[in-house]
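J.: predicted model follows, preceded by the sequence.
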Amino acid sequence: MDSIKDIVRTYSLKDISIATLASHSALQILRGARDEGLRTVLIVEKRRLELYDEFRNLIDKYIIVENFSETLDVAQELLRENAIFVPHGSAVEYVGPERFRSLPVPMFGNRDLMIWEGDQKLKMRLLKDSGIPVPREYSLEEEIDRPVIVKLPGAKGGRFFFLATSREEVLKRLDEYVRNGVLRSREDALVQEYVIGVPMYFHYFYSPIFRRVEILGIDIRYETNIDGLRRAPPQIASMFEPSFVVVGNIPVVIREKMLQTVLDYGKKFVRKSIELLPPGAIGPFCLESIVKDDLSIIVFEFSGRIVAGTNIYVGSGSPYSWLYWNEPMYMGRRIAREIRIAAEMGVSCLELILT
Ligand SMILES: Nc1ncnc2c1ncn2[C@@H]1O[C@H](COP(=O)(O)OP(=O)(O)O)[C@@H](O)[C@H]1O
Ligand SMILES: [Mg+2]
């Protein structure tokens, strides 16, 4: 395979397109490309075509597949379109980590960071090494002295996560999961302090072109059943175990005096990612946090690409993005802006934002 740099050098920089998979935040990515005057290519599964075709005004070209796992097979077609692939939260999962890593198409962002994101333990290591406060982590040998949340690998959306208050309870539940085949080995689970506070998800954009970290927005995940149980009277709520399946997102702003900490975390994350996973974070990332009543912010995971919570601000921009840009800037558009400016500056700039 030619290196990504060699491929970009064959591109006609006046005619690049943005390609993405029809899922997650694709509509926002397409709309952002449109707002920046770039062509768009949508890789879409047949069964999703009806929905996306409603928005055909955003799409210059469809590449129709039975399954997203065929994305590797359509790489040549993407290259003919001078395409830059913009990955989102479903991309690694749907394409498959190995195929994703080897996809011979220039990608916006750092693909290694997106692969790390899939490993709970590596993920927490990057945060910890960045100097960002994270929840306490317990080994299975340790006594547990406070409520914990136990996370099973690959349990997307929090299915098979559970809360516990003792080591015995944790081991008993994990052994059940191993017996049912849900979990390979109990050591694969992550046992993390359950932090009490309110969740906030900070959306950042790191621009290698402007060399700055921007705070582009904040959201709250709307999760079932943990959010639904709040509405139920206590005697009913106590009959159910909470689950954390994300079904939507809600906008939020943070007290202004806390913004310094938010910015500081973003910078720390970028700095450490450059060191551990060069070229480091590029473009969108998210720090998923709990804000405690002493106003400290604890980060329990990150996403190394666009998060679906940014969909809230499509078209309008967020209260923060307005401050940086004084125009309706939302994540999909911010991505396209970075690509457009880099392409205008020339191939050596474009290389800074692609892997
Ligand atoms: N340490 C924690 N303390 C409190 N709540 C947590 C903690 N970790 C996760 N959660 C809750 O569980 C949800 C899912 O956890 P997360 O680690 O983001 O897994 P995933 O995104 O893979 O589903 C979070 O959105 C949050 O509501
Ligand atoms: Mg999460």
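T.: Good, I have the coordinates. Ligands and ions are numbered 1, 2, ... in the order given.
J.: centre of the chain to the longest strand that the chain contains, how far?
T.: Taking DSSP state E as the criterion, the chain has its longest strand at strand 212-225. Centroid displacement of strand 212-225 relative to its chain, using Cα atoms, centre = their mean, to the nearest Å, is 10 Å.
J.: just checking: what are the partner strands of it?
T.: Strand 212-225 pairs in its sheet with strand 198-207 (antiparallel), strand 244-251 (antiparallel), by DSSP bridges.
J.: list the contacts of the longest one.
T.: When you say that, I think you mean strand 198-207. Outside of strand 198-207, the residues within contact range by Cβ atoms under 8 Å, 6 or more residues apart in numbering are 212-221, 249, 252, 254, 262, 265-266, 269-270, 280-291, 297, 307, 309-310, 318, 331, 334-335, 338. Every C-beta, even on glycine, is put in place using the N, C-alpha and C of the backbone.
J.: tell me the buried residues in the longest strand of the chain?
T.: If you call a residue buried by 16 or more other Cβ atoms under 10 Å, then strand 212-225 has these buried ones: 213-221, 223-224.
J.: is any part of it close to ligand 1?
T.: Yes - using Cβ under 6 Å from any ligand atom, strand 212-225 reaches ligand 1 at 221, 223.
J.: what average pLDDT does the following helix or strand past that strand get?
T.: Using DSSP states H and E, the helix or strand that directly follows strand 212-225 along the chain is helix 226-229. For helix 226-229, the mean pLDDT works out to 94.
J.: just how off-centre is helix 226-229 within its chain?
T.: Taking the mean of its C-alpha atoms, helix 226-229 sits 23 Å from the chain's own mean (Cα atoms, centre = their mean).
J.: show me which residues of it are buried.
T.: By neighbour count on 16+ other Cβ under 10 Å, the buried set for helix 226-229 is 226-227, 229.
J.: would you mind measuring the gap between the ends of stretch 240-254?
T.: Terminal residues of stretch 240-254 lie 31 Å apart, using Cα to Cα, to the nearest Å.
J.: phi and psi next, for residue 288.
T.: With angles defined as degrees, to the nearest 10, residue 288 sits at phi -100, psi 120.
J.: export the strands paired with strand 212-225 as CSV, with columns for distance to residue 169.
T.: Output for the strands paired with strand 212-225, formatted as CSV (distance: least, Cβ to Cβ, whole Å):
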stretch, distance to residue 169
strand 198-207, 24
strand 244-251, 18
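J.: out of these, indicate the one that is most buried.
T.: Compared across the strands paired with strand 212-225, strand 198-207 shows the largest average neighbour count, a mean of 22 (mean count of other Cβ atoms under 10 Å).
J.: can you tell me the SS state at residue 50?
T.: The three-state label given to residue 50 by DSSP: H, G, I helix; E, B strand; the rest coil is helix.
J.: relative to residue 64, how far out is it?
T.: Remark: distance between residue 50 and residue 64 (Cβ to Cβ, to the nearest Å) = 12 Å.
J.: my read is that residue 35 contacts residue 336, right?
T.: Yes - with contacts counted by Cβ atoms under 8 Å, residue 35 reaches residue 336, the gap being 6.8 Å.
J.: more crowded one of these two?
T.: Neighbours per residue (other Cβ atoms under 10 Å) separate residue 35 from residue 336, with residue 336 holding more: 25 against 19.
J.: that older thread, ligand 1: which of the strands paired with strand 212-225 is closest?
T.: strand 244-251 (3.6 Å; Cβ to the nearest ligand atom).
J.: is ligand 1 within reach of that closest one?
T.: Yes - residues of strand 244-251 contacting ligand 1 under Cβ under 6 Å from any ligand atom: residue 244.
J.: and that strand, C-alpha only, in CSV?
T.: Presented in CSV, the C-alpha positions along strand 244-251 are these (Å, rounded to 0.1, in the frame of the first residue of the first chain):
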residue,chain,number,x,y,z
PHE,A,244,-26.7,3.3,30.5
VAL,A,245,-27.8,2.9,26.9
VAL,A,246,-27.5,6.3,25.2
VAL,A,247,-30.6,7.3,23.2
GLY,A,248,-30.2,11.0,22.8
ASN,A,249,-28.3,14.2,23.9
ILE,A,250,-29.2,17.4,25.7
PRO,A,251,-27.3,20.7,25.5
